[in-house]
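**Q** my questions are about this predicted structure, shown below with the sequence.
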Amino acid sequence: MSGESKVSGGDWLIGADRRALATRRIVSIATEMVARHGWDNFDIDGLAARAHCSRATIYRNVGGKAQIREAVFSVAGERITHAVREAVAPLEGSERLVVAILVALDRVRADPLSDDIVQSFRDTRLAESLIESPRLGLFAGELTGLTTGNPLAAQWIVRIFVSLLSFPASDPAVERRLLEDFVAPALTQRACRRLL
């Protein structure tokens, strides 16, 4: 039996980079399971059955439930970040900041994992660790064009994003106006320099 027929028939870890392939497959299946049934109904045994592997393979390649959750959210975050980067590439200044936040909000709300993403921000301890995450702050700074080097300014953007995600305005036009009238002016280069 050739390696190709084995891969399509059962042993999906034959050939290529076994660890990378296993990780991608496990995270992909976990993402699909969570999108369909939520985190409350997610378990490692179900994932192992769907991925046609052992629990040991999952723990060895991805980790436990916390690491799987992080990997699933990381994949969603990459999709959202890519969309925001494309949208803001030609923009500068306050328009870049406003569009970055609006596109990110739109993409998170449309994501199959949106309910779980919003719910994780409602867990105060988890939300605080996400908000204060240096990595998330760097993304916020890059995507909004906020390159002052002040981590508090980027953290403030993340807090505004989480607020709008958790408590959306009744109308998208209102969210845009809130960002244009209050957030963008507060984060001009001059205002950010004063924060340094």
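**A** Sure, I can see it.
**Q** now do the helices in the chain.
**A** 3-9, 18-37, 44-51, 55-61, 65-88, 93-110, 114-122, 124-131, 134-144, 151-166, 172-178, 184-186, 189-195 (DSSP state H).
**Q** Serialize those to TSV and add fields for mean pLDDT.
**A** As requested, the helices of the chain are exported to TSV (pLDDT from 0 to 100):
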stretch	mean pLDDT
helix 3-9	38
helix 18-37	90
helix 44-51	96
helix 55-61	95
helix 65-88	88
helix 93-110	91
helix 114-122	73
helix 124-131	69
helix 134-144	74
helix 151-166	82
helix 172-178	95
helix 184-186	85
helix 189-195	53
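**Q** now these as TSV including mean neighbour count?
**A** All C-beta spots, glycine's among them, are computed from the backbone N, C-alpha and C. Below are these laid out as TSV (neighbours: other C-beta atoms under 10 Å):
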stretch	mean neighbour count
helix 3-9	11
helix 18-37	17
helix 44-51	16
helix 55-61	16
helix 65-88	16
helix 93-110	19
helix 114-122	16
helix 124-131	12
helix 134-144	19
helix 151-166	18
helix 172-178	14
helix 184-186	14
helix 189-195	12
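**Q** which residues touch Ala100?
**A** Contact analysis of Ala100 by C-beta atoms under 8 Å, 6 or more residues apart in numbering lists 84, 87-88, 143-145.
**Q** ok, the residue nearest the centre of the chain to Ser163 distance?
**A** For the chain, the residue lying nearest the average C-alpha position, counting by C-alpha atoms, centre = their mean, turns out to be Gly77 (2.3 Å). Between Gly77 and Ser163 the distance is 18 Å, computed by C-beta to C-beta, to the nearest Å.
**Q** kindly report the same for Val75.
**A** Distance from Val75 to Ser163, by C-beta to C-beta: 24 Å.
**Q** cool, Val27 as well?
**A** Val27 sits 29 Å away from Ser163, going by C-beta to C-beta.
**Q** ok, for Gln145, nearest residue in space, not its chain neighbours?
**A** Just to correct that, residue 145 is Gly rather than Gln. Arg96 (4.2 Å; C-beta to C-beta, 6 or more residues apart in numbering).
**Q** so that neighbour sits against Glu142, correct?
**A** No. If you go by C-beta atoms under 8 Å, Arg96 and Glu142 don't touch, sitting 10.5 Å apart.
**Q** contacts only, for Pro134.
**A** Neighbours of Pro134 in contact, by C-beta under 8 Å, 6+ apart: Pro151.
**Q** now Gly141: closest residue in space, sequence neighbours ignored.
**A** Ala154 is the one closest to Gly141 (C-beta to C-beta, 6+ apart), at 4.2 Å.
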